[in-house]
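**Student:** Build me a model from this:
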Amino acid sequence: MLARTLGLERYAVLGHSYGAFIALQNAVDYPGMASQTIVSAGLPSARFLERVRDNLAAFEPEDLREQVTSS
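**Tutor:** Model (predicted):
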């Protein structure tokens with residue numbers, strides 16, 4: 001763990017968007033290690049990701065669909 005390697009006694013974990021899953025997993029894997037876990041613009045459950053593929057397939061305008069999908 002990076003914080004332990006750096007010798008940090010107190011630290012916060014911030015996860016934004018997809019990183020929110022990583023921040024929450026860190027809290028599960030290392031309970032009580034971070035003094036704060038901050039979730040920003042995360043989803044309440046991975047099941048919300050199930051519709052992403054369908055939503056991207058229907059994205060309009062069509063000429064921007066590939067750009068949005070690849071991002």
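
**Student:** Can you check which helix is longest in this structure?
**Tutor:** helix 19-29 (DSSP state H).

**Student:** Helix, strand, or coil at the residue sitting furthest away from the middle of the chain?
**Tutor:** Computed with Cα atoms, centre = their mean, the residue of the chain farthest from its C-alpha average is Asp63, at 27.5 Å. Recorded secondary structure, Asp63: helix (DSSP: H, G, I helix; E, B strand; the rest coil).

**Student:** So which other helices or strands are in contact with the helix or strand encompassing Val68?
**Tutor:** Using DSSP states H and E, Val68 falls within helix 62-70. The contact analysis (3 or more Cβ pairs under 8 Å, 6 or more residues apart in numbering; DSSP states H and E) places helix 62-70 against helix 52-57. C-beta: built from backbone N, CA, C; applies to glycine.

**Student:** So which bits of the helix it packs on are buried?
**Tutor:** The neighbour-count check on helix 52-57 (16 or more other Cβ atoms under 10 Å) flags nothing as buried.

**Student:** cool, and stretch 19-37?
**Tutor:** For stretch 19-37, a neighbour-count test (16+ other Cβ under 10 Å) marks 20-21, 23, 26-27, 33-34, 37 as buried.

**Student:** And for stretch 2-17?
**Tutor:** 3, 13, 15.

**Student:** Leu49 reaches Leu56, doesn't it?
**Tutor:** No. If you go by Cβ atoms under 8 Å, Leu49 and Leu56 don't touch, sitting 11.3 Å apart.

**Student:** Who are the packing partners of the next helix or strand after the longest helix of the chain?
**Tutor:** For helix 19-29, the succeeding helix or strand toward the C-terminus, using DSSP H and E, is strand 36-40. Packed against strand 36-40, as judged by 3+ Cβ pairs under 8 Å, 6+ apart, are the following elements: strand 12-16, helix 19-29.

**Student:** And the first one, what does it pack against?
**Tutor:** When you say that, I think you mean strand 12-16. helix 19-29, strand 36-40.
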